[in-house]
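Asks: Below: sequence and its predicted model.
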Amino acid sequence: MADAITPRSEDYARWYVDVIRNAKLADYSPVRGSMIIRPNGYALWENMQRTLDGMFKDTGHENAYFPLFIPQSFLEREAEHVEGFAKECAVVTHSRLEVDEETGHLRPAPDSRLEENLVVRPTSETIIWDAYSKWIQSWRDLPIKINQWANVVRWEMRTRLFLRTMEFLWQEGHTAHATEAEAWEETRLILDLYADFVEEYMALPVIRGIKTPSERFAGAVETLCIEALMQDGKALQAGTSHFLGQNFSKAFGCQFQNRDNELEYAWSTSWGVSTRLVGALVMGHSDDRGLVLPPKLAPTQVVIVPIYRNDADREQVLESAGRMQADLRKRGVRIKLDDREGFRPGWKFTQHEVEGIPLRIAIGPRDVAAGTVELTRRDTSEKETVSATGLSDTIEQKLDEIQKGLFDKAAQFRESMTTRVDSYDEFKEALTDKGGFVHAHWDGTDETEARIKDETKATIRCIPIDPAEEDAESGVDMVTGAPSARRVVFARAY
RNA sequence: CGGGGUGUAGCGCAGCCCGGUUAGCGCAUCUGCUUUGGGAGCAGAGGGUCGCAGGUUCGAAUCCUGCCACCCCGACCA
């Protein structure tokens, strides 16, 4: 069932796809660049969703749902927004199909041409701000803090499972505020929320930073982001939080009367994370044997594999296993008893490892007799025999250890993959030799940034918000020698 | 859009150069028996418009022409 997984060292891209397919997270669909998210992958997404959704609600946000179709003209309203998204939109032009008598195939019926084309949303700022402009009249109508869970479509040239698909699932938050300061506060609040989520639940350390103008969201005044490092030394943007200023409120005529009785355009933010996070999770922790999942997000945290030779053993073992399962379930542990017939224990072990279940309990006649079970950690392969009494406590403790262990390992890896350089030669050397994050001085111009990207394929991932002391000091640009206030973070990225 | 590659059973492939019985192999699937502490063994079975459309030929998976699709690598993007 599980085919061989290409080792990371041999071909990282293939390894990534092999892990996803063997762990049954996703499959290709008949349409290029779009994927089927299978139950294992969707369960992972649901766990992320559930956690994030709770965090949004705890910070005063409400969920709503805006339509999939956007009038084409809406996209024209905000100049930079058009430029950023126009070239990757799916457009609906007809409302009906009919059989072409000549070819016998279906075609859009010519007389069903829409009066105005509809765009399948690549993001929802426009349709949401059109609505907000109707809802907001007074400072008393503010703030509006809405989130939606939705799918969006961007007609990408090159796609990769989870990391970049033409249709993807995400959440997009859209808020409207009475003051600039409040909107900024919101932008920053969400950035920290995202960072906390990725670090605490996904067990991946992130850098919080500001995007350079060239990497900014189309239509934003400022884009904040979190950047994570993958095992092949490439960076991945894991979430963005945009301060939109008054760009969209102006584009959609959304004014309100403020406390000083003046007309003012609303201040806004938007922010999102997507199913790309599932890809980040895979790339961040998994190994050559398959998926490795942090317990806090794993759909199944613990699996029990019963072992027996005959019916008498079977009955005894299953009874014991059933009791453990019930105890752990009561504690809120997501646990599965794999009592499927027709699969041998060894086969189950391997399968559960491929699927990334953090902890395995094996229990056989020997254990029942001795009052023990065998525990095996997915992340370290560490195996130990522990007492069946107090098992629930042991398990909970182990799950915590795994969660922490994964974060520490990823943090250590990032540390070892972070280089601080002062010259362009050192910079190129660091990129070629080991990749990862390279901290260097930059003169702040688009030209230098573009030149470096052109010559090295490395982009400025962000200007860190909380720089290390060594990065906060001033210096000179490694390429042009012009003054630089501080180091910024470069990397080759997904 | 540029470069590379691949389309033959659910998956992975061989066969094609040099046309010729009923298109083959591994894995997976199904049945039976034996097994079960790290991917089981034996026996049997089912499953194919050879990507599509033309053409050449007595005969095409194989040769010719055209088309389509997908994957990988780059530029663009979450």
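Replies: Yep, it's here.

Asks: Please name every helix or strand in contact with the lengthiest helix in chain A.
Replies: If you go by DSSP state H, chain A has its longest helix at helix A:391-416. Using 3 or more Cβ pairs under 8 Å, 6 or more residues apart in numbering; DSSP states H and E as the contact definition, the elements that helix A:391-416 packs against are strand A:222-229, helix A:276-285, helix A:311-330, strand A:359-363, strand A:372-377. C-beta: built from backbone N, CA, C; applies to glycine.

Asks: angle of the third one against strand A:372-377?
Replies: What it means is helix A:311-330. 60 degrees (axes from the mean of the first three to the mean of the last three Cα atoms, to 10 degrees).

Asks: roughly how far is helix A:311-330 from the heart of the chain?
Replies: Taking Cα atoms, centre = their mean, to the nearest Å, the mean C-alpha location of helix A:311-330 is offset from the chain mean by 37 Å.

Asks: does whichever residue of the stretch 201-350 of chain A sits closest to RNA strand B sit in a helix or strand, and which one?
Replies: Of all residues in the stretch 201-350 of chain A, residue A:346 sits closest to RNA strand B, with a separation of 2.5 Å (Cβ to the nearest atom of the strand). In this structure, residue A:346 is located in helix A:345-354 according to DSSP states H and E.

Asks: Show me which helix or strand of chain A is least confident by mean pLDDT.
Replies: Lowest by mean pLDDT, DSSP states H and E among the helices and strands of chain A is strand A:106-108, with a mean of 79.

Asks: which residues are in contact with the helix or strand that comes right after that one?
Replies: Under the assignment DSSP H and E, the closest C-terminal helix or strand after strand A:106-108 is strand A:113-120. Outside strand A:113-120, the residues within contact range by Cβ atoms under 8 Å, 6 or more residues apart in numbering are A:68-75, A:89-95, A:152-153.

Asks: can you do 10 Å?
Replies: Defining contact as Cβ atoms under 10 Å, 6 or more residues apart in numbering, one finds that strand A:113-120 is touched by A:67-75, A:85-86, A:89-96, A:108, A:126-127, A:151-155, A:166-167.

Asks: Is RNA strand B within reach of it?
Replies: No: where contact is defined by Cβ under 7 Å from any atom of the strand, no part of strand A:113-120 touches RNA strand B; the two come within 12.5 Å at best.

Asks: In that strand, which residues are buried?
Replies: Neighbour counts using 16 or more other Cβ atoms under 10 Å place A:117, A:118, A:119, A:120 of strand A:113-120 among the buried residues.

Asks: what's the distance between it and the middle of its chain?
Replies: Between the mean C-alpha point of strand A:113-120 and the mean C-alpha point of its chain there is a distance of 31 Å (Cα atoms, centre = their mean).

Asks: Distance of residue A:34 relative to RNA strand B?
Replies: When Cβ to the nearest atom of the strand, to the nearest Å is the yardstick, residue A:34 and RNA strand B sit 8 Å from each other.

Asks: That residue and residue A:165 touch, don't they?
Replies: Yes: counting by Cβ atoms under 10 Å, a contact exists between residue A:34 and residue A:165, whose distance comes to 5.7 Å.

Asks: The two: which has the busier surroundings?
Replies: A count of neighbours by other Cβ atoms under 10 Å puts residue A:165 above the other of residue A:34 and residue A:165, at 25 against 14.

Asks: coming back round to it: quick one: pLDDT of the residue of the stretch 201-350 of chain A closest to RNA strand B?
Replies: At residue A:346 the predicted local confidence, pLDDT, stands at 94.

Asks: Would you mind giving the domain segments of chain A?
Replies: Per automatic domain parsing, the structural domains of chain A span A:12-94+A:108-285, A:302-401, A:418-491.

Asks: from these, which stretch is densest packed?
Replies: Stretch with highest mean neighbour count among these: domain A:12-94+A:108-285 (a mean of 19; mean count of other Cβ atoms under 10 Å).

Asks: wait, is residue A:308 part of a strand?
Replies: No: membership of residue A:308 in a strand is not supported by DSSP: H, G, I helix; E, B strand; the rest coil, which gives coil.

Asks: Contact partners for it?
Replies: Taking Cβ under 10 Å, 6+ apart as the criterion, residue A:308 is in contact with A:314, A:315, A:316, A:317, A:318, A:345, A:363, A:364, A:365, A:368.

Asks: Please see if the helix or strand that residue A:236 is a member of touches RNA strand B.
Replies: Per DSSP H and E, residue A:236 falls inside strand A:235-245. Yes: under the criterion of Cβ under 7 Å from any atom of the strand, RNA strand B is reached by strand A:235-245 at A:237, A:240.

Asks: Quick check: residue A:210 vs residue A:240, distance?
Replies: Shown here: residue A:210 relative to residue A:240, a distance of 11 Å by Cβ to Cβ, to the nearest Å.

Asks: Pull up the overlap in contacts between residue A:34 and residue A:165.
Replies: Taking Cβ under 10 Å, 6+ apart as the contact definition, residue A:34 and residue A:165 share the neighbouring residues A:28, A:153, A:159.

Asks: ok, which residues in the stretch 51-200 of chain A are in contact with RNA strand B?
Replies: Proximity of the stretch 51-200 of chain A to RNA strand B, by Cβ under 7 Å from any atom of the strand, involves residues A:84, A:88, A:154, A:156-161, A:163-166, A:168.

Asks: Over to the stretch 351-494 of chain A?
Replies: That would be A:351, A:353-354, A:360, A:362-368, A:374, A:376, A:381, A:383, A:453, A:457, A:493-494, which are the residues of the stretch 351-494 of chain A within reach of RNA strand B (Cβ under 7 Å from any atom of the strand).

Asks: so where do the helices sit in chain A?
Replies: In chain A, the segments counted as helices under DSSP H are A:12-22, A:39-58, A:79-85, A:125-135, A:180-200, A:247-251, A:276-285, A:311-330, A:345-354, A:365-370, A:391-416, A:424-433, A:446-456, A:469-472.

Asks: between those helices, which one is nearest to residue A:483?
Replies: Ranking those by their distance to residue A:483 (criterion: Cβ to Cβ) puts helix A:446-456 first, at 12.2 Å.

Asks: and that closest one, what other elements does it pack with?
Replies: In this structure, helix A:446-456 makes packing contacts with helix A:424-433, strand A:459-464, strand A:487-491, judged by 3 or more Cβ pairs under 10 Å, 6 or more residues apart in numbering; DSSP states H and E.

Asks: To residue A:16, which of these lies closest?
Replies: Residue A:16 lies closest to strand A:487-491 among these, at 17.6 Å (Cβ to Cβ).

Asks: can the helices and strands packed on helix A:391-416 go into JSON lines with extra columns for mean pLDDT?
Replies: As requested, the helices and strands packed on helix A:391-416 are exported to JSON lines (pLDDT from 0 to 100):
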{"stretch": "strand A:222-229", "mean pLDDT": "96"}
{"stretch": "helix A:276-285", "mean pLDDT": "93"}
{"stretch": "helix A:311-330", "mean pLDDT": "95"}
{"stretch": "strand A:359-363", "mean pLDDT": "98"}
{"stretch": "strand A:372-377", "mean pLDDT": "97"}
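
Asks: Out of those, flag the one nearest residue A:401.
Replies: Proximity to residue A:401 (Cβ to Cβ) singles out strand A:372-377 among these, at 8.1 Å.

Asks: Quick check: neighbours shared by residue A:210 and residue A:240?
Replies: Residues touching both residue A:210 and residue A:240 (Cβ under 10 Å, 6+ apart): A:191, A:216, A:223, A:224, A:225.

Asks: What sits closest to the third one if chain neighbours are left out?
Replies: In this structure, residue A:223 finds its nearest non-sequential neighbour in residue A:211, 4.0 Å apart by Cβ to Cβ, 6 or more residues apart in numbering.
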